[in-house]
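[1] Provided below for reference: sequence and predicted model.
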Amino acid sequence: MKKYIVLFVLVIGAIHGCMAQYYTGKITNPKGIPLIGADIVSVTDHFTGTVTNFDGEFKIRLSDTPKVVISYVGYKTKTLVLKGEHNNIVLEQGTEILNEVVVSASREQQKRVEVPAAISIVDKNAITETKALGIDQLVNQVSGVLMSTSRVASNEQHFMAVRSPISTRALFLYLEDGLQIRPTSVFNHNALLEMNDMSYGKIEVLKGPASSIYGSEAIGGSFNFITKNPSQSLSGSTSFQINDLGLTRYEVEVSDSPSDKFGFYLGSHFVQRQGGPIEHSDYEKFAVSFKTVYKFSQKVSWSALLNVVDYRSDMTGSLTQQSYESGNFESIQTFAERDALSLRIRNTLDVQWNNNNKTSFNLVFRDNRMDQNPSYRIRQFREQGVLTGLGSGEINSNQFNSFMGLIQHKIDFGFKNSSLIFGATVDHSPQDYKAERTTVFVDTETGKNVGFNVNSGDFILDYEADISNYAGFFQYEISPLDKLKLTAALRYDGFRYDYMNRIVGVGNLDSQDNYDNLTPKLGLNFNFNEQNGVYLNYSQGFTPPQVSTLYRNRYDLIDIKPSIYDNYEIGGHYVWNNALKLDAALYLLEGKNTLISLRDEDDVIFNTNAGKTRSYGIEYGVTYYPTPQLSISHNGSYAKHRYVHFFNNGVDFSDTDREIAPSLLGNSRITYKPFPSFHISAEHEMVGSYNTSFEGQVDNSDGTFGTAIYDGHHVFNLRASYQYKRFEIWAHALNIFDELYAARASYSSFSSQNSYTIGNPRAFHSGIRYNF
């Protein structure tokens, strides 16, 4: 019976598709200057749209109605009905803050004001104008978000903080079109290395736990990178970028819809650093994305996405306190590196059965390998404080294949604006992991690690693990009153790790570990009008142990428990006269069994659970348009991150501030756009001071104890870009006052001092692009 229903839908859709019509036009300002990149979107289907080319012209195919919404930054939005002949459209200057549409709260389209959560958007215009060197320059525009990296050494490896200390913990979920880039429990922090940052046209950041829809690891925030759709006519670009930090980058993309039913997007880039200002900081990355969309009818469409990323990077490591403060930025590493190859294939079939029912079928295949000789595992041996010439380290290899399926259905009930979303997902990821000890050779005069030998067969870890995650979820929304919307969601997750030890002679460590969790969410929106409203939210987050962390700790007889977080939140958004936009959120995040990293007496890193933690604070964003050409924005947060109940080595650290957890974060920006083809902006990035050690951990050698700190930093950047016909040129001046700062600072009880991941020195970056 089902096949006849599908056939009926296809036939009806095909008949409906015959009614589609192309519309053309040109969009200008009142002076007749073409507006390049203006958005034209169908009022009935937000996925049907196009942008103007470099002559301000567009072509769009519409079926249901020729009514469209036309928008462009700095101009008033216009809704109109296109005519059959050529349409000449003039937009008036003015600021208009749109009622944004998001998909990250439920994998379905909904208005931003109907989401009972703190969600922010980095849209196409922000991406185009920022001309970012990396993802951090985009997401750091969001209040409460700090993606910290070093332009001179980190090579896209990063730290993250959202409602949490700065870390590489599995507290953040990285998504591509609403689906996880990496499977659960396989160190998803590396997911952004496997992104092609040419391929996305929008980023949505959902702050706070989102486990009720996305599952585990969606704790501090979820980052959804929404890929570009095929253009309706042939378009593309090629570009080149360079800076004085040794980096060069080449980009190319092309997109087209050769027929009414089929379209494609192809984007690729190659980036490398050679001979940068810090030793042992070279890297290379090649990435390519190919996306196709095929519309069987207006109600049935299929999209496929292929991503391939080949990445290799030196691992510079951190600097000692003496080197950092004296300006000696030479790395002691000469061989530490990371080498990764990833393949990801996604297929999605969307079926609009009728006006009230829609189903999405998703299949994902992932094939990853990462080999490391990691700098963070190397330690040097000393006798009475003097280098012996030897040290220890490890090489490791992590490989996995992953198969994931997700089905989601939405029903609109047609009363009280109510709807139900429900679905299920299965993810099976067999993993192969090896880690062998190495002997490191140290130059006692320079302190550099100059070579290593692999102690063949001396395994730290050697195992296979079958990781399985199965889940079911639902989300129900209803508006009992016109201005009130209620949301309730629930998700069940089950995890099974089948661990098979391959190390000979260490006993039978084979095991099966099972974790499960029931994750709820309750939300309320009250909107005074389409632009002003408040919301309340209770949500829960859940993350099981990472597989390599769990089984590495088993050898030290330290068991790792799942972490659970309860989030309580109130927020709101306000727009005044289309010139001022304000949004804010107050939150309280209670953590149980929070995972933290410690160092033992031999300076070896190990992981353990803290008893209870608490984070609370305010996130806020303000944007003001004094004139249509000028915008002033500030996004910031003030938060406290505390241990509620935590003991370490018999010392009670309860009711103390957590380490590497700045209270203040801020990003301020002034942008001036005197005419459509030119803009200039000034930016201030601020990170407040924070403890780098536990409170009272530092022995002052006089019978007293203190706390190590990092003083925080202020960094100023300038950006400018100009577009002439099909050419774009841009220039960035980064850290213009050459502030010495750290992307992250931490305290080592072994060396009794801070170590620093160096931030960006003053740098000049430029690029040129040709569009066709």
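    That came in fine, so what should we check first?
[2] now the strands for the stretch 401-550 of the chain?
    In chain order, the stretch 401-550 of the chain shows strands spanning 419-442, 449-481, 484-501, 511-527, 533-543, with DSSP state E, counting those that start in this stretch as the criterion.
[3] tell me the mean pLDDT for the last one?
    When pLDDT is averaged along strand 533-543, the result is 94.
[4] going forward, begin numbering at 49 instead of 1
    All set: I'll call the first residue 49, so the last point we hit is now strand 581-591.
[5] what's the angle from it to strand 532-549?
    Angular relation of strand 581-591 and strand 532-549 on a 0 to 180 degree scale: 10 degrees, by axes from the mean of the first three to the mean of the last three CA atoms, to 10 degrees.
[6] could you give the average pLDDT over stretch 388-398?
    Averaged over stretch 388-398, pLDDT sits at 96.
[7] reformat the strands of the stretch 449-598 of the chain as JSON lines; add distance to residue 734 and mean neighbour count.
    C-betas here are computed from N, CA, C, even on glycine. Listed next are these as JSON lines, based on distance: least, CB to CB, whole Å; neighbours: other CB atoms under 10 Å:
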{"stretch": "strand 467-490", "distance to residue 734": "38", "mean neighbour count": "18"}
{"stretch": "strand 497-529", "distance to residue 734": "35", "mean neighbour count": "17"}
{"stretch": "strand 532-549", "distance to residue 734": "34", "mean neighbour count": "18"}
{"stretch": "strand 559-575", "distance to residue 734": "31", "mean neighbour count": "17"}
{"stretch": "strand 581-591", "distance to residue 734": "27", "mean neighbour count": "22"}
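[8] mind giving me a markdown table with the ones you listed and columns for distance to residue 441?
    Rendered in a markdown table, the data for the strands of the stretch 449-598 of the chain read as follows (distance: least, CB to CB, whole Å):
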| stretch | distance to residue 441 |
| --- | --- |
| strand 467-490 | 4 |
| strand 497-529 | 6 |
| strand 532-549 | 22 |
| strand 559-575 | 27 |
| strand 581-591 | 28 |
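[9] neighbouring contacts of the helix or strand hosting residue 116?
    Following DSSP states H and E, the helix or strand that holds residue 116 is strand 115-119. With CB atoms under 8 Å, 6 or more residues apart in numbering as the contact definition, strand 115-119 has outside contacts at 75, 86-92, 97, 108, 110, 125-130, 137, 139, 144, 146.
[10] the same query, at a cut-off of 6 Å, please.
    The set of residues external to strand 115-119 that reach it, using CB atoms under 6 Å, 6 or more residues apart in numbering, is 87, 88, 89, 90, 91, 125, 126, 127, 129.
[11] buried ones among these?
    Listed as buried from the contacts of strand 115-119 are 87, 88, 89, 90, 91, 125, 126; burial here means 16 or more other CB atoms under 10 Å.
[12] where does pLDDT dip in the stretch 499-648 of the chain?
    Across the stretch 499-648 of the chain, the stretches falling below the confidence threshold (pLDDT under 70) are 554-556, 601-606, 645-648.
[13] where do the strands sit along the stretch 49-198 of the chain?
    Listed from the start of the chain, the stretch 49-198 of the chain has strands (DSSP E, counting those that start in this stretch) covering 69-76, 87-90, 97-99, 105-110, 115-119, 126-129, 135-138, 149-150, 158-159, 166-170, 193-196.
[14] what's the closest of these to residue 485?
    Residue 485 lies closest to strand 193-196 among these, at 30.7 Å (CB to CB).
[15] quick check: mean pLDDT of that closest one?
    Here the average pLDDT along strand 193-196 is 94.
[16] helices or strands up against the helix or strand just after it?
    Next helix or strand after strand 193-196 toward the C-terminus (DSSP H and E): strand 207-210. Counting contacts by 3 or more CB pairs under 6 Å, 6 or more residues apart in numbering; DSSP states H and E, the secondary-structure elements packed against strand 207-210 are strand 193-196.
[17] name the strands paired with the strand it packs on and say parallel or antiparallel.
    Next to strand 193-196 in the sheet, as set by DSSP bridges, lie strand 207-210 (antiparallel).
[18] which positions within the helix or strand where residue 288 lies qualify as buried?
    Under the criterion of DSSP H and E, residue 288 resides in strand 283-291. Residues 283, 284, 285, 287, 289, 291 are the ones in strand 283-291 that count as buried (16+ other CB under 10 Å).
[19] run the chain-centre distance for that strand.
    For strand 283-291, the separation from the chain centroid amounts to 23 Å (computed by CA atoms, centre = their mean, to the nearest Å).
[20] report all helices and strands that that strand contacts.
    Contact analysis of strand 283-291 by 3+ CB pairs under 6 Å, 6+ apart lists strand 295-304, strand 811-819 as its packing neighbours.
[21] dump the ones you listed to a markdown table, plus mean neighbour count.
    Formatted as a markdown table, those follow (neighbours: other CB atoms under 10 Å):
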| stretch | mean neighbour count |
| --- | --- |
| strand 295-304 | 17 |
| strand 811-819 | 17 |
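[22] need these in JSON lines (columns: mean pLDDT).
    Converted to JSON lines, these look like this (pLDDT from 0 to 100):
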{"stretch": "strand 295-304", "mean pLDDT": "96"}
{"stretch": "strand 811-819", "mean pLDDT": "95"}
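[23] residues touching the residue nearest to the spatial centre of the chain, list them.
    When CA atoms, centre = their mean is applied to the chain, the residue found nearest the centroid is residue 271 (3.9 Å). Applying CB under 6 Å, 6+ apart to residue 271 gives the contacts 222, 253.
[24] from residue 457, how far out is it?
    25 Å (CB to CB, to the nearest Å).
[25] and for residue 244?
    30 Å.
[26] with residue 120 instead?
    Between residue 120 and residue 457 the computed distance is 36 Å (CB to CB).
[27] those two: who's more crowded?
    Here residue 120 and residue 457 are set side by side on neighbour count (other CB atoms under 10 Å), and the busier one is residue 120, at 23 against 17.
[28] apart from its neighbours in sequence, what residue is nearest the more buried one?
    Computed as CB to CB, 6 or more residues apart in numbering, the closest residue to residue 120 that is not its neighbour in sequence is residue 86, at 4.1 Å.
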